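Visitor: Sequence and predicted model, in that order:
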Amino acid sequence: MTSRLNSFGKTLRGLGPLFHLCVTIPTLIALVYFGLLASDVYISESSFIVRSPNKPESSGFGVLLKTVGFSNSGDEIYAANDYLASREALRALNRNGAVALSYGSHQVSMFDRFDPLGYRGSFETLYRYVGKKIAVQYDSSTAITTLTVRAFNAQDARRFNEQLLELAETQVNTLNDRARTDLVAVAQREVDRSRAEARQFAVALAAYRDKAGLVDPEKQAGAQVQMVSKMQDELIAAQIQLRQVQEMAPRSSEIEPLQARVAGLQQAIGAQTQRAAGGNGSLSSAAAEYQRRAFDEQFGEKQLAAALGALEEARLDSQHKQAYVERIVTPAVPDEAIEPNRLRGVLATFVMGLIVWGIASMMLASLRDHVE
């Protein structure tokens, strides 16, 4: 046994200092770190999907959900995922210093803990540190988000994962409330504007009626035309009667009254015609202005009715179109530390050292040949 150890020692000494520098020393350091210093890392995983009853989704998993009346809600998914990796989420998670205390515990190895020397405990440093412990992965083909939390305590890993899920749910609910409020507020502003315009048009039409002394120029013009037509009939009858009297009794005393009647009818017809369609101030010109104002009033009423319908639809949509977080896998307390993989770490260090040693040996041999 002693001879074997001596032989192994001679073999190691024969490998030279380069081998020890590239292989032996790193492997020993890895053995010490992974065997004695590295802290156990517990991993808690959860997965969720953000769904909405009314928003379509074209992905394969979304089509499956759509068949049962649900679909994925893309905007809220990205918003929730970005929020989980944000400083705001960490600030909420670190309330009362819970995150800093967990990752900075003295039970954690000095090489793994947060702020091991106690002089870099700023929030920004914590954010960069925790960014390596919390992972948010989104699968666009299934719209499923996987949340992974690494911690040095199994209970903390599960607790932080659960709290992050609750924060994601709160964020989605906040987005729902904001979208609902904005949707109804925009529709309400449109209703207020349409109501003000409709009121303005109605007041303008009423003011024009008072100013012109007319209720409906079109109807009044129609009545005026009927009156002119009736007087024209009377004028024709009076003219016929006048001609008959003049032919039969040229000296009759009825001629002068008939002539006065004809002249009066002609004057009355001219006045009524002038009033009905005689340029400015006539019923026809008043009807044009009245029609414009009446059209504005009708347009305002229709616009108000459309705005009221849009407001009611917005209120219904705000109640129906609500995204929400659907948990697929809930976070659980890990019963075993998955990381670090100590044996793999040591072997990886050893293999990498051998590779570096081989490359360095070849370079040195080539350099010696070149010098010689």
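Guide: Done, it's in. Residues are numbered from 1 along each chain as shown.

Visitor: all strands of the stretch 201-350 of the chain, in order?
Guide: 324-329 (DSSP state E, counting those that start in this stretch).

Visitor: Can you show me the helices along it?
Guide: 217-248, 255-277, 283-320, 342-371 (DSSP state H, counting those that start in this stretch).

Visitor: Likewise for the stretch 51-200 of the chain?
Guide: 60-66, 74-84, 87-93, 98-103, 123-130, 154-212.

Visitor: which one of those helices has the lowest average pLDDT?
Guide: Lowest mean pLDDT within the helices of the stretch 51-200 of the chain: helix 60-66, a mean of 42.

Visitor: Can you tell me how far residue 157 is from residue 150?
Guide: 7 Å (C-beta to C-beta, to the nearest Å). Bear in mind the C-beta positions are built from the backbone N, C-alpha and C, glycine included.

Visitor: Would you check how far apart the most centrally placed residue in the chain and residue 368 are?
Guide: Nearest residue to the geometric centre of the chain (C-alpha atoms, centre = their mean): residue 75, 6.1 Å. Going from residue 75 to residue 368 by C-beta to C-beta gives 65 Å.

Visitor: same deal with residue 187?
Guide: Separation of residue 187 from residue 368 (C-beta to C-beta): 84 Å.

Visitor: Look at these two and report which has more neighbours.
Guide: Shown here are residue 187 and residue 368; by other C-beta atoms under 10 Å, residue 187 has more neighbours (21 against 9).

Visitor: Now do the contacts for that one.
Guide: Contacts for residue 187 were tallied using C-beta atoms under 8 Å, 6 or more residues apart in numbering; they are 307, 310-311, 313-315.

Visitor: Write the PyMOL selection for whichever of these are buried.
Guide: The PyMOL selection below is limited to those of the contacts of residue 187 classed as buried (16 or more other C-beta atoms under 10 Å):
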select buried, resi 307+310+311+314
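
Visitor: Out of the contacts of residue 187, which two are the most distant from each other?
Guide: Greatest spatial distance in these: 307 and 315, 12.8 Å, computed using C-beta to C-beta.

Visitor: quick revisit: just send the helices of the stretch 51-200 of the chain back as JSON lines, with distance to residue 356 too.
Guide: Below are these laid out as JSON lines (distance: least, C-beta to C-beta, whole Å):
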{"stretch": "helix 60-66", "distance to residue 356": "45"}
{"stretch": "helix 74-84", "distance to residue 356": "39"}
{"stretch": "helix 87-93", "distance to residue 356": "38"}
{"stretch": "helix 98-103", "distance to residue 356": "32"}
{"stretch": "helix 123-130", "distance to residue 356": "29"}
{"stretch": "helix 154-212", "distance to residue 356": "35"}
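
Visitor: wait, which of the ones you listed is closest to residue 362?
Guide: helix 123-130 (39.1 Å).

Visitor: Show me what counts as buried in that closest one.
Guide: Within helix 123-130, the residues scored as buried using 16+ other C-beta under 10 Å are 126-127, 129-130.

Visitor: Kindly report the same for stretch 97-106.
Guide: 99-100, 102-104.

Visitor: Just the CA atoms of that stretch, as PDB, please.
Guide: Written as PDB, here are the backbone C-alpha positions of stretch 97-106 (Å, rounded to 0.1, in the frame of the first residue of the first chain):
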ATOM      1  CA  GLY A  97     -36.700  42.800   4.400                       C
ATOM      2  CA  ALA A  98     -37.900  39.200   4.100                       C
ATOM      3  CA  VAL A  99     -35.900  38.500   0.900                       C
ATOM      4  CA  ALA A 100     -32.700  40.100   2.100                       C
ATOM      5  CA  LEU A 101     -32.900  38.300   5.400                       C
ATOM      6  CA  SER A 102     -33.500  34.900   3.700                       C
ATOM      7  CA  TYR A 103     -30.700  35.100   1.200                       C
ATOM      8  CA  GLY A 104     -28.400  37.000   3.500                       C
ATOM      9  CA  SER A 105     -28.700  34.500   6.400                       C
ATOM     10  CA  HIS A 106     -25.500  33.500   8.200                       C
END
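
Visitor: SS state for residue 39?
Guide: Here residue 39 takes the coil state, with states given by DSSP: H, G, I helix; E, B strand; the rest coil.

Visitor: Could you pull up phi and psi at it?
Guide: Dihedral angles of residue 39 (phi, psi; degrees, to the nearest 10) stand at phi -90, psi 150.

Visitor: ok, the residue nearest to it when sequence neighbours are not counted - how many residues close by?
Guide: Of all residues not flanking residue 39 in the chain, residue 109 sits nearest, at 4.3 Å (C-beta to C-beta, 6 or more residues apart in numbering). Residue 109 is flanked by 15 other residues according to other C-beta under 10 Å.

Visitor: Could you do the one 10 residues further on as well?
Guide: Each residue near residue 119 was counted by other C-beta under 10 Å, and the total is 7.

Visitor: before we move on, what about residue 33?
Guide: 18.

Visitor: how far away is it from residue 110?
Guide: Distance from residue 33 to residue 110, by C-beta to C-beta: 11 Å.

Visitor: ditto for residue 262
Guide: Computed as C-beta to C-beta, the residue 262 to residue 110 distance reads 126 Å.

Visitor: residues in contact with residue 309?
Guide: By C-beta under 8 Å, 6+ apart, residue 309 lies in contact with nothing.

Visitor: Residue 157 and residue 150 - which one has more neighbours?
Guide: residue 157 (26 against 20).

Visitor: Quick check: the more buried one touching residue 40?
Guide: No - Residue 157 lies out of contact with residue 40 (C-beta atoms under 8 Å); the separation is 10.9 Å.

Visitor: Fine, thanks again, bye for now.
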